[in-house]
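Chemist: dropping a prediction and its sequence here:
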Amino acid sequence: MKKFILQKDDTVSSEDFTIEYEHLLNPAQFKAVMHPGGPALVIAGAGTGKTRTLIYRLARLIESGVDPSSILLLTFTRRAAGEMLQRASAILDQRCSRVEGGTFHHYCSKLLHRHADAIGYPEQFTIIDSGDAMDTIQLLRGRLDRSKIQKRFPKKSTLYSIFSSSVNRDISIPELIQQDYQQFVQYTETIEELRDDYQRYKEMNDVMDFDDLLVHTRNVMKNNKSVRETIAFKHKHVLVDEYQDTNSLQAELTELFSSVHKNVMAVGDDAQSVYSFRGADPENMRQFPDQFPGTQIIKLEENYRSTQRILDLANQVLSQSNDTFEKHLYTKNEQGDLPGLVKSANMNDQSRFLSQMILNLREQGKELSDIAVLFRNGRDSYDLEVELNRKNIPYVKYGGQKFTEAAHVKDVLAHLRIFINPQDSISWNRALMLIDGIGPKTAEEFFQWVRKSSNPHQPHRASHASDRYLEQLKALSKLFADLNAFEGSVPEQLQTVVEYYSRFCKKRFDDHPKRMKDLETFVDISGKYRTLQQLVEEVALDPIEATAIETEAASTDESPLVLSTIHSAKGLEWSTVFLIQCLDGIIPSGYAIDDPEQMEEEIRLVYVAITRAKEQVFLTYPAMHQGAYGDYFTNPSRFIEDIPETILEPWMLVEESASLEENEGPKLLDG
């Protein structure tokens with residue numbers, strides 16, 4: 001029998017498109033959206049419509065006949081992926097919702113559950129967040145031979161940073177310690193041993209941390225040709241957002257995911273790479289054309305956010321960098337006001353200026369929520385916060401504790417993790433230590449029993465269970481039985497755990513009413529999860545932000561002013577932005593001054609801060625600063641010191657004349 005293979009016709013002319021791409025996009029965006037295939041690197045300056053370009057790229061691919069499920073969209077938050085797919089669906093149709101979208105970690109988790117047997121893990125392994133990882137490291141740290149650590153030994157958080165940085169930066173622990181932790185060089189061998197213990201512990205307990213998700217996916221794709229081809233064949237097109245924030249592992253995964261069809265588009269701005277402490281490496285963008293031969297480079301330089309004068313300042317700051325792709329931001333927006341450089345006598349005067357200027361802007365009709373005060377470190381805003389409270393100006397500060405990092409939420413999640421994976425010893429430790437009479441030693445004994453037990457969800461049957469806490473163990477066993485009974489209804493299962501936990505919450509925390517309110521909210525939102533496994537995994541990979549513990553009920557009359565670190569502000573925008581404490585030693589950090597790579601990142605931080613502003617930007621600093629050893633004269637940041645007044649206009653703060661009426665308040669003059 002003869003065969004004739006009918007080829008699928010993917011060719012669609014522009015006349016067949018329902019979206020008028022050329023009229024809706026500028027020439028550079030249109031070029032990226034219509035890119036025919038093969039590797040492409042889109043260098044998207046701040047405010048140049050990066051997200052819009054990706055959305056229309058998705059729509060164009062689907063209109064061209066590409067199966068939506070064969071498109072992989074990788075972003076740095078699941079929310080970003082969800083919003084992009086929603087917007088793409090709005091401009092085209094619901095086919096866009098079938099695109100595979102999410103973070104590297106979330107997508108790797110899906111792949112590993114599917115191919116768990118290839119890495120020697122059960123399908124229902126548990127994912128632990130950074131807090132649980134540190135608790136595990138602390139447990140193992142406590143088992144070390146004390147004779148090996150007679151002097152100061154790294155804390156659990158430092159050890160976790162060392163282990164994670166080694167993975168994400170793809171360097172050995174001895175090399176990393178020599179570079180960044182020289183105070184612990186004498187413990188290099190012990191730290192390596194502890195890292196090995198940590199790896200074995202995770203494998204024995206069927207758990208993975210965030211780094212494992214990337215490492216195991218990379219390894220299984222590199223070492224198993226069948227798995228690699230199965231995964232990569234499905235990805236006809238791979239799109240990666242915020243490529244400047246990828247680490248070496250993620251860059252390698254991008255190559256593996258696109259290894260069959262070779263259609264990969266990375267979008268990002270190397271000038272906004274400010275997460276080196278997480279392993280992000282802007283070199284991934286610079287090396288992209290070498291990693292993917294035949295790469296087409298497309299630059300987006302037309303800015304839609306800021307005025308030209310703000311962009312002139314941003315371009316001037318960025319011109320001091322030696323390590324970014326050459327680009328020049330421009331806009332068709334109005335010129336706008338010159339950015340202001342405000343020198344105050346001291347910290348208090350800086351705070352007075354900020355609070356009074358913010359109130360002036362409010363009187364001019366600006367919403368407080370459309371004004372942001374940015375800073376290098378969280379402590380830089382302490383003096384300002386006092387002044388804002390004194391003036392009764394409501395504010396919210398970004399960078400606080402996430403919902404799922406709060407102790408009461410972690411306690412509840414621990415019980416869910418045990419139910420899903422009874423080999424999770426860290427969760428057992430957390431749950432058992434809530435019970436009166438059980439300490440670390442007894443909890444460890446219970447876990448040894450759990451390992452051998454045919455029914456680990458009945459801890460009251462342990463032979464060494466004491467009468468002192470037997471009734472409490474029976475209550476814990478009943479909890480697991482109830483979770484079984486409610487299987488299929490995530491809210492009912494979660495509510496069962498919350499009710500069990502309420503007595504411990506009341507005993508442990510003075511503010512237990514607020515914490516119980518958090519848990520009630522958790523139950524309310526849990527209905528969107530199909531299974532407990534999905535709930536536990538997704539809140540680990542994409543933590544819920546809000547918690548009642550962090551803030552009191554906000555005033556309902558107006559949205560608050562925003563205070564934020566520059567890192568937390570990335571990707572956001574406001575009408576007016578104040579960048580405070582623009583001092584040498586703060587921006588740039590004193591720790592970065594002798595490190596050329598870190599100095600490059602400090603330049604990028606200032607660039608990110610300035611480009612958050614749409615209409616006005618002010619850079620402020622005090623001439624006198626109060627340090628641990630008294631007051632001292634300061635120097636403005638070297639990044640702004642030599643910028644011409646035609647780009648960055650000096651402001652002078654003038655005290656109101658004592659002869660004026662007292663109730664008029666100080667006036668602010670520019671000059």
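Modeler: Looks like it arrived, so ask away.

Chemist: alpha carbons only for contacts and neighbour counts from here, please
Modeler: OK.

Chemist: any low-confidence regions in the stretch 101-250 of the chain?
Modeler: Applying pLDDT under 70 to the stretch 101-250 of the chain flags the ranges 148, 150.

Chemist: the helices in it, which residues?
Modeler: Listed in chain order, the helices of the stretch 101-250 of the chain (DSSP state H, counting those that start in this stretch) span residues 104-114, 130-141, 156-168, 173-180, 188-204, 210-223, 225-234, 248-257.

Chemist: where does pLDDT dip in this protein?
Modeler: Ranges of the chain meeting pLDDT under 70: 1, 3, 5-15, 148, 150, 399-402, 544-557, 626-631, 657-671.

Chemist: list the contacts for H235?
Modeler: Shown in contact with H235 (Cα atoms under 8 Å, 6 or more residues apart in numbering): S70, I71, L72, F257, S258, V260, H261.

Chemist: mind doing that once more with 7 Å?
Modeler: S70, I71, L72, F257, S258 (Cα atoms under 7 Å, 6 or more residues apart in numbering).

Chemist: what about the fourth one, how many residues close to it?
Modeler: When neighbours are counted by other Cα atoms under 10 Å, F257 registers 26.

Chemist: find the nearest non-adjacent residue to it, please.
Modeler: A232 (4.8 Å; Cα to Cα, 6 or more residues apart in numbering).

Chemist: now do D281
Modeler: Nearest one to D281, counting by Cα to Cα, 6+ apart, is N247 at 5.4 Å.

Chemist: can you tell me what sits against stretch 39-46?
Modeler: By Cα under 7 Å, 6+ apart, stretch 39-46 touches 50, 262-269, 292, 294-301, 303, 329, 611.

Chemist: tell me the contacts of the residue nearest to D281?
Modeler: Contacts for N247 (Cα under 7 Å, 6+ apart) come out as N168, R169, G279, A280, D281.

Chemist: for V274, which residues are in contact?
Modeler: V274 sits in contact with E601, R604, L605, where contact means Cα under 7 Å, 6+ apart.

Chemist: same thing but 10 Å
Modeler: With contacts defined as Cα atoms under 10 Å, 6 or more residues apart in numbering, the neighbours of V274 are 244-245, 280-282, 566-567, 570, 598, 600-606, 608.

Chemist: distance of L579 from S355?
Modeler: Applying Cα to Cα, to the nearest Å, the value for L579 to S355 is 13 Å.

Chemist: which other helices and strands contact the helix ranked longest in the chain?
Modeler: The residue-count maximum for a helix in the chain (DSSP state H) belongs to helix 490-508. Here helix 490-508 touches helix 407-420, helix 470-485, helix 512-525, helix 532-541, going by 3 or more Cα pairs under 10 Å, 6 or more residues apart in numbering; DSSP states H and E.

Chemist: mind redoing it with 6 Å?
Modeler: Counting contacts by 3 or more Cα pairs under 6 Å, 6 or more residues apart in numbering; DSSP states H and E, helix 490-508 is packed against helix 512-525.

Chemist: list the contacts for L532?
Modeler: Contacts for L532 were tallied using Cα atoms under 6 Å, 6 or more residues apart in numbering; they are V490.

Chemist: quick check: the gap between it and L300.
Modeler: 43 Å.

Chemist: ok, now G82?
Modeler: Taking Cα to Cα, one finds G82 at 23 Å from L300.

Chemist: between these two, tell me which one has more neighbours.
Modeler: L300 (27 against 15).

Chemist: need phi/psi at the residue lying closest to the more buried one once chain neighbours are set aside.
Modeler: In space, and not counting its chain neighbours, L300 is closest to A44: 4.7 Å by Cα to Cα, 6+ apart. The phi/psi pair for A44 (degrees, to the nearest 10) reads phi -110, psi 100.

Chemist: no further questions, thank you.
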